[in-house]
Structures are given as C-alpha cells and as structure tokens.
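**Q** Take a look and give me a structure for this.
(2 chains)
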2 protein chains.
Amino acid sequence: MNDADPLKIGIAGLGTVGASTLRYLVDENARIAARSGRGLMVTAIVARDRAKDRGVDTSGMRWFDDPVAMAKDDGIDIYIELIGGADGVAKASVEAALSAGKPVITANKALLAHHGAALAKLAEDTPGASLHFEAAVAGGIPAVKALREGLAGNGVTRVSGILNGTCNYILTEMEETGAAFGDVLLDAQKLGYAETDPTADVGGFDAAHKLAIMAAIAFGRQIDFAGVEIEGIEAVSAEDIVAAADMGYRIRLIGMAERTTKGVSQRMRPCLTPTDSPLGAIEGVTNAVMLEGDAIGATVLTGPGAGGGPTASAVLADIVDVARGNTPPTFGIACADLSPAGDGVDTGDEGAFYLRVTLDDRPGTLAEIAAALGEEGVSIHRMRQHDHVGNAAPVTIVTHACELTAITKAKERIAALPASVAPPVSMRIVES
Amino acid sequence: MNDADPLKIGIAGLGTVGASTLRYLVDENARIAARSGRGLMVTAIVARDRAKDRGVDTSGMRWFDDPVAMAKDDGIDIYIELIGGADGVAKASVEAALSAGKPVITANKALLAHHGAALAKLAEDTPGASLHFEAAVAGGIPAVKALREGLAGNGVTRVSGILNGTCNYILTEMEETGAAFGDVLLDAQKLGYAETDPTADVGGFDAAHKLAIMAAIAFGRQIDFAGVEIEGIEAVSAEDIVAAADMGYRIRLIGMAERTTKGVSQRMRPCLTPTDSPLGAIEGVTNAVMLEGDAIGATVLTGPGAGGGPTASAVLADIVDVARGNTPPTFGIACADLSPAGDGVDTGDEGAFYLRVTLDDRPGTLAEIAAALGEEGVSIHRMRQHDHVGNAAPVTIVTHACELTAITKAKERIAALPASVAPPVSMRIVES
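**A** Predicted coordinates for the structure are as follows:
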C-alpha cells in the first residue's frame, strides 16, 4: 500500500462492536484520519443481515458473504475480524489476511488464546502482516498498549485484573442484594449483562483468555491458555460474600499471572481482596488491570471492559497504529525470543487463604478444626464463629501464608470430622 | 542510522531519573533490546559530577561537558534530555538534537509547556527528528501513550487528574493529621517529598505544565500553558479539609481540561471531590489521570507520578518506541492541523461550589447569607453550621450548579456583611 493513498479497511462482523467501529470510521472520518496521518475508508464489509439499519450509509461499500474472500481481496489493506470464535471462519479469515501480507485487527480473545502462537508466527514471517488486538483485552482500556509498549522497559513481575464485567456485575449484585448466584445470574441474563449460555463468562474462560494474552506479553512467553488454572464464580455463595465483607474483604474473580522463583503461574479464580484494594474497589461491569514491574512499581488501569463504544475505541486505536506504522511483534518480542510455554510453570500456590467451615454446634469442635489445620502446618491469622444457622455453626478463618496443598489437605481432614456438616470452602486472599 | 546497528543513546543529566535510566539500559540491556527489536547502547553521557558512583560502569561511555555538543554529536542516534528547566541548556540541546534529525526523549514538562509548539514544529520539519515525553506527565503511568494512541479514535471530552504527588501527599497528610498546610509542608521538605523552594509544586505550576501537555494532545490544539488558570494549595486550610470530610468530600489539587460548548477550558486548582470518586480515592504521592471520550466513556490510570524507577520506566518506553519506529506527531496530529491556542477559550466556569463563611454568632446572620446568595442567583444544595470557634460560627454551603462569577459576587456581598468576620472561601466541587 502507498502511504499517500487512503487506507482501505474491511470489517467482518457488524454486531455491536463492528457497527460502532463502522459508524466512527464514517461519521468521524476526518478526525480519525488526522490522528492516522493518512486517509481511511471502509471499502468492504461482511455481515449476516444486510438489511439491518446500522445508522450509517453502507452503499459505497462492497458486501462480501465470505470473510475469507474479503480478507484476501486486493480492495482492502487492513482486515478487521469481529466475528468471534476460536476457530471456523474467524480463524480462517485471519490466517488468509495475514498470509496475504495484511495487518489484522481483532477483538477475538478466544482465537488468540488458542491459536495466538501460530498466528504470531504467521504475522512475523509474512512481510506486511501484523496482528493487533487491543480490543481483545479489557474492552476500551488500553491495557495491551500499556503493557506491551508503556511498560516495555520493565521486567514485569505480575499482571492481575478483573477481566470479565459479567462476573464482576454478578458479584457486586450478590454483595449489594444478598441474593444467591443463580438468582442474580437470571436477572443479569434478563438485563442483557449475561449470555443465554453464561459458561464462557461465569466459568472464568473468557477472562482466562484475556489473562493468557496479557501473560504472554508480560513474560515474553509463548501464549499458554492450557496453563491457566481456571475456576469460575458459580460456587461463590451469599454466605461467603457476607463472611468476607465482615472482615473487610470483597470476593472478586481475579486473574493473576506472576513470575515466581519457580516459574510463571497463571490463575483465574474467585479471591478475597480488601474492599479498598485496587481490584476490590472495582464495582459492576467495570474492568481493571494492574501491571507491576521492576522499574514502575505498579500502575492500575480501570474502565469499561465491554460495549460497542469502548471496544470500538480499542479497534480504532489499532487502526491508527497500523496507519502510523506502529506494528510491534504480536507479543512484544520476536517469536523466536519467546520462552516456551511449558517451561518453568509454577503450579504451586502460596499465600493467605480464606476458609469457611460449617460445624455441628457442640463443644470441642473448634479445637478439632484448629488441630486439623495445625497438623497440616496451616497457621491461623483470624478466626470467627458466626451465628448458628439451625444446629450448624459456620466458622470463618483467615490463614497466614501457606501452600495451597496444605489447605487442600486440611480441608480433607476437616471434611472427615464427625462435626463437619458441609464441605469446607476455601479461597485465596489477595491483599493488593 | 542503520536498523541493524545498535541504537546509540546519549543521556544528558544523571540525577535520580537519569542514573536509573542508565542502570536499566546497562543492567537489563538484553531484555530491553529484545523489546526494541535491535541492539541499544549508551555511548555518551553528561553530568555535573563525574566522580559520583551511580552503580554502573560508565568507562566505555564518552563524557561530554556540553549537552548541546553531545546532542549534535554523530556518536549518538537518540538524545535523552533529563536536565530540566524550561530554557537554557535543556532547550538549546533539545533544539540541537532535533535540528540534527535525531529523536529526542525528555521528561521536561516545563520545556514542553513553554516551548512545545516550536519544538513540535521543528521535530515535524526535520527528517529523522521526533519528540517523546512520556516521562513528562504522571511519571511511570503511560498516560501520554494512553491518550495519544490508546484513545486516538476518540473525540476527547475531558482530561482530568491528580498530577503532582507533593501536593497530594500534603493534602493527604493534612487530612490524616489535622495539621496546617505550613507544618505539613515543612515535614514534607524534611522527608524529601517537597523541594526547598516548593513553589513549582504547591503553587500548581508543575501540575499545570502537565495538564497543558495533555490538553494539547486531547483536543488537537496548540499547547497553551498561558491559558491554564492556576491556583495552588497554599490557601487550603485544615478547617476546609474537615468541613469537606464532614460532607463526604476530600480536597484534591485537580487539573481539568474540558471541551465545552464555549471552547476549551484548562484549570488547575484545589477542588472538593467525593472520597470514593476516581480522583478522591487517590492518596499520598500517587498520581491519577482520567481520560474521557465519546467512544470509550472514561478510563482511569493510577500509579507513581515521580521517582527514579517509575520515570525511567517512561523514558525506556520512549526508547523502545523510537527503536520500533513508533514516532507519531508530538501532539498526536500534524502541527498544521492543531487548532490555535487562543481560539475558543472557555473562561466561564459552571458547576457546584463549596463555600465556607465565618460569621459573628448572632441571630439573623444565616438569613443574611442566604439572601446574599439568592440575590446572585446561587441556589443552596446543602448548608451546615458548625460548632462555634470563639464567637465565630463557621457555616459551610454546597451550592447547586452556578457560574463562578455568581459565586465571586456572592462572596463579595457576604464579605461586606457586618457579621462576616473572615473572608469567605470557595472551591469547585468535582463529583466525578
């Protein structure tokens, strides 16, 4: 492409994000072109429904039925993939565009999580090709740019965040209303905050895709979605939320990738975190990303993690980057320099834990719990016995730092006690 | 410069930031070179004291006495200016490097605030030259990159922030200890958090430099430091902090640049903001930047606004950008596209205000205040009379939205009342 000509853009997928992106590119064309340093025009589009009114005149654009055909077509310089899905036509069209030497912009976190390594290699090996995905992580928050470029000089030590607005909305609602997970999920589905099949969100998978992407950039490591330990929020109970609040904590689905002395860990799971901590303070559908490095210390970015406008904002940022020629390697360094995914995975886990145990209300049971913990080397930091519920007495415990394996064994011991009337529940505590 | 050769870096100024930048470039060279996609080496340095131990071996580097000579020297490809000061040798050396067609990286907010327009033009007009200044705003927080690139697709509506750690430290300490401004300032000076001459910080000038830089990028407008209305924190009293806290507010030095129907406003001044608002929640030396735009809504970035490591992190990010060829226009768009600074300046100010009035304790005085406000069209939202201090009764008022001019006139009326025993104090309220 000649820098003097307008950049010809093809958009595949005109859902909420695609339609919003298209509208900005048409309605605010001059403004975005000024930021890009060259003309921009949408020349081609793919969408299932051609008749739908998207609030923009598409008459001058070419409609394609097949994203792959559009991706390869000489009439587009940049291919924007907003179809979604880890495989199928999204993957085929991204591969086609990269193979044709075109920059690709995508919001597709599943595609990157599953096929990011191969796509990064294809982008690197094909002159003219590059892969951009600001919109795939934390919606409008420029988290990828902040990490890959803003913290480029840092040895990153930890990346953590609240990366799924649906989960955070549900946890916030549970906290505010006292309602159970299932009831809040139903309401969220009615309000359009949760999908009919909520598994990708509440199961932690969508957020885990994003964490894997951030971890690859942060640690200069092959993307390793299979290496993310994932636990969703389905089992978070109203009781745990109350018990946590009672001690100044909130329960949040926290994604955390860390470089430890043992390797790199990647975890997505509900955790307790202080109400006034950077992640504990995040309410509703807001997302947050905390980046920690040797030079910077820590920086926290918060903002809208989804929605047409915010996600379009991220897609537009990538378009401006492409127009300006800012096309760094997919994961920040050359593919050959990325360390292998399986190398030095830290499967251990050490820290303070929250533990909730439900006991028969009779003398001596607290001593039995304390003994079970002590025998596994788990030291108690705080312990509270709560009001009886029927004949059962819930006890909540905050431990000192210990290994997860010790907690798991202690839970087994406690579950085997005659006084135990429900399986013990545990969650990691993240102090900041 | 040939992309296959290592990039030769010259650093002028080896204070805290310069020495930290130098250490990272030497000690973490391989890591930063991988991020840069090419080799990097510091080949030349300027510092007053050559004997000082900076924890790094400088024996292979050329020492210059004159930053201008180093800036022009063929032995460096990038010039890093960490000398400081709006004029003098900092300016002369930056001009020399740009004129020689070199990328310049600087942390010098005063230089940019005063001479940014001319320097941007020089960078644009000279092939090879470019001007980078991530370190000039909010220390380690990648605020310039987030605004200029991350929000490039947005019509920015407002940029606000806490941009001076010294002021935020002092206000936080005043709040926590109840001490007066002067006493806290003395302590801050002893601890090294405030300079011997604290004017640049507590007078709001340093933060205003940063705000002017952000406003130029946000609104695609010539940098206009003279157009920033500046008020420092010297007059913030312990009484105001208590009265604000009483109503759920904190006092923060807030910089805010907004596009209004009347034009662009730029203000740096102490404001009341809710304790749990994005800026009200910021404590101590932390900085925060809130970016609002039509597509994204709002995103907030927080982190360390000063210090050797964090500021070096920003300098290193600029180095990686230069090495990768990411050299966008200084203020995000071509100089010719920047709107003139004097054009459409909004000097009005509308919003809710906090007002503190100190009255003689006798009947009828509250009615006199209410009447004075009513006559100027200022409507009262909340009003509290506090415990008497001697014979004086402080009254705090939160108004509904009104023009600053109405507040000013109402204050004049109140000051002229026989019952008024001290000049009324007013501050803008920023709800979010």
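**Q** residues near residue A:48, how many?
**A** By other C-beta atoms under 10 Å in any protein chain shown, the residues close to residue A:48 number 10. For the C-beta atoms, the positions are set from N, CA and C on the backbone; glycine is no exception.
**Q** any idea which helix or strand carries it?
**A** Under DSSP states H and E, no helix or strand contains residue A:48.
**Q** Backbone torsions only: list them for it.
**A** phi -60, psi -50 (degrees, to the nearest 10).
**Q** just residue A:220 next, same as before
**A** Reported as degrees, to the nearest 10, the phi and psi values for residue A:220 are phi 60, psi 50.
**Q** Help me see whether the helix or strand where residue A:210 lies makes contact with chain B, please.
**A** Assigned by DSSP H and E, residue A:210 belongs to helix A:205-219. No - if you take C-beta under 8 Å from any C-beta of the partner chain as the test, helix A:205-219 misses chain B, and the best it gets is 10.2 Å.
**Q** from the chain's centre, how far out does the following helix or strand past that helix sit?
**A** Downstream of helix A:205-219, the first helix or strand assigned by DSSP H and E is strand A:229-230. Offset of strand A:229-230 from its chain centre (C-alpha atoms, centre = their mean, to the nearest Å): 12 Å.
**Q** Strand partners (parallel or antiparallel) of strand A:229-230?
**A** Each strand paired with strand A:229-230, and its direction, by DSSP bridges: strand A:263-274 (parallel).
**Q** Quick one: mean pLDDT for the strand it pairs with?
**A** For strand A:263-274, mean pLDDT is 96.
**Q** would you put the C-alpha positions of it in CSV?
**A** What follows is strand A:263-274 as a C-alpha-only set of coordinates in CSV (Å, rounded to 0.1, in the frame of the first residue of the first chain):
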residue,chain,number,x,y,z
GLY,A,263,8.4,-20.1,37.1
VAL,A,264,5.3,-18.4,35.8
SER,A,265,1.8,-19.0,37.3
GLN,A,266,-1.5,-18.1,35.6
ARG,A,267,-4.6,-18.3,37.7
MET,A,268,-8.2,-17.2,37.2
ARG,A,269,-10.4,-17.7,40.3
PRO,A,270,-12.6,-16.0,42.9
CYS,A,271,-10.5,-14.4,45.6
LEU,A,272,-11.0,-12.3,48.6
THR,A,273,-9.4,-8.9,48.3
PRO,A,274,-9.7,-5.8,50.6
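**Q** Now the stretch 251-400 of chain A against chain B: closest residue?
**A** Nearest to chain B, among the residues of the stretch 251-400 of chain A, is residue A:316, at 2.4 Å (C-beta to the nearest C-beta).
**Q** Contact partners for residue A:38?
**A** Counting by C-beta atoms under 8 Å, 6 or more residues apart in numbering or on different chains, residue A:38 makes contact with A:3-7, A:323.
**Q** Report the two of those residues separated the most.
**A** Using C-beta to C-beta, the two most remote members of the contacts of residue A:38 are A:4 and A:323, lying 12.3 Å apart.
**Q** quick one on the thing from earlier: just to check, the residue of the stretch 251-400 of chain A closest to chain B is in contact with residue A:21?
**A** Yes - Residue A:316 is within contact range of residue A:21, at 6.7 Å (criterion: C-beta atoms under 8 Å).
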